[in-house]
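*Asks:* Fold the stuff below for me.
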Amino acid sequence: MQTSQTALLAAAARAAHRIVDGEPRILDDHLAEPLLGDRADELVAYHRAHGDHPILAGARAQTVLRSAYTERALTAFVHRGPSRYVVLGAGFDSSPYRLDLPGTPVFELDHPATSAAKQAALSAAGLDTGAVTFVPVDLAAGDPLPAFDRSRPTFVSWLGVVMYLAPDEVARTVAMLADTLAPGSELVFDHMLPPELRDAAGNDYARQVGAVAAADGEPWRSTFAPAEVADLLTARGWKVTAQPDARATVPPETWERADALRPLGLSALAHARLS
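*Replies:* Alright, predicted model coming up:
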């Protein structure tokens, strides 16, 4: 398998947000563009040239909203005491290299091909990876998670991945995390809503972007209603603490803006704590 194209496109969307969109900025990912390496100009150029296009603006909104929410939750978590940070399906996520994570060991888990490409990109960008352990793992193939010690709680970020897994693979991963991590651990992931819970813009985005993802060998394989996610988590020992949709991940005044960035009725986040 080649490097995940969707991971590259997500990084390009985060990079483009600070270039194309105005204030208020939702996320300032200044490392996203360097991690794209020699593909940065190509991938960000689409946003520069067509930033108002609903699909490109939607991609930026999707990626920065989920990352911004997760990073706020992560920062609060690690500052409460000794902890661990796991980036599950890490892609080209730059949060371990941007955020203040004092004394927090970081584990990046991803498909071997994407993990290798990420490490090469980090090296080329001159970023220090000394606090990060890279773990190649293929969830879709049933690979087990590493055995983390349970001496400290873990924050798990799982963004832009669930839609590419079948429902049983999502359930298995949630159960493995519950069996592996210490009580008090937290999990944040995003999931696509079923068509009947999307708005018109969300369904249009799904039709166009889903087709492109499938053509690139990364089809969307699952959708969940928030109630289904809550049941899945609760049945496996997690207590749901929040399930915001895109609009609710930021203060209402965020949407008083002059650019094309708008929340899509396409996906939701799940934030849960392990009992």
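
*Asks:* For Val188, which three-state class applies?
*Replies:* Here Val188 takes the strand state, with states given by DSSP: H, G, I helix; E, B strand; the rest coil.

*Asks:* In this structure it contacts Ala76, no?
*Replies:* No: with contacts defined as Cβ atoms under 8 Å, Val188 does not count as touching Ala76, sitting 11.5 Å away. Quick note: C-beta positions are derived from backbone N, CA and C, even for glycine.

*Asks:* For the lengthiest helix in the chain, buried residues please.
*Replies:* The longest helix of the chain (DSSP state H) is helix 54-78. Residues of helix 54-78 classed as buried by neighbour count (16 or more other Cβ atoms under 10 Å): 56-71, 73-74, 77-78.

*Asks:* can you tell me how far Ala175 sits from Ala73?
*Replies:* As defined by Cβ to Cβ, to the nearest Å, Ala175 lies at a distance of 22 Å from Ala73.

*Asks:* sorry, that was for Thr114
*Replies:* Thr114 is 24 Å from Ala73, where distance means Cβ to Cβ.

*Asks:* what about the helices in the chain?
*Replies:* Under DSSP H, the chain gives helices at 5-20, 32-35, 40-50, 54-78, 95-98, 112-124, 167-180, 200-215, 226-235.

*Asks:* Make CSV from those and add mean pLDDT and distance to Trp255 to it.
*Replies:* Listed next are the helices of the chain as CSV, based on pLDDT from 0 to 100; distance: least, Cβ to Cβ, whole Å:
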stretch, mean pLDDT, distance to Trp255
helix 5-20, 96, 15
helix 32-35, 97, 23
helix 40-50, 96, 20
helix 54-78, 97, 10
helix 95-98, 97, 24
helix 112-124, 95, 32
helix 167-180, 96, 30
helix 200-215, 95, 14
helix 226-235, 98, 21
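
*Asks:* Dump the ones you listed into JSON lines; add distance to Ala268 as well.
*Replies:* Shown next, in JSON lines, are these (distance: least, Cβ to Cβ, whole Å):
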{"stretch": "helix 5-20", "distance to Ala268": "17"}
{"stretch": "helix 32-35", "distance to Ala268": "23"}
{"stretch": "helix 40-50", "distance to Ala268": "24"}
{"stretch": "helix 54-78", "distance to Ala268": "10"}
{"stretch": "helix 95-98", "distance to Ala268": "20"}
{"stretch": "helix 112-124", "distance to Ala268": "25"}
{"stretch": "helix 167-180", "distance to Ala268": "14"}
{"stretch": "helix 200-215", "distance to Ala268": "11"}
{"stretch": "helix 226-235", "distance to Ala268": "6"}
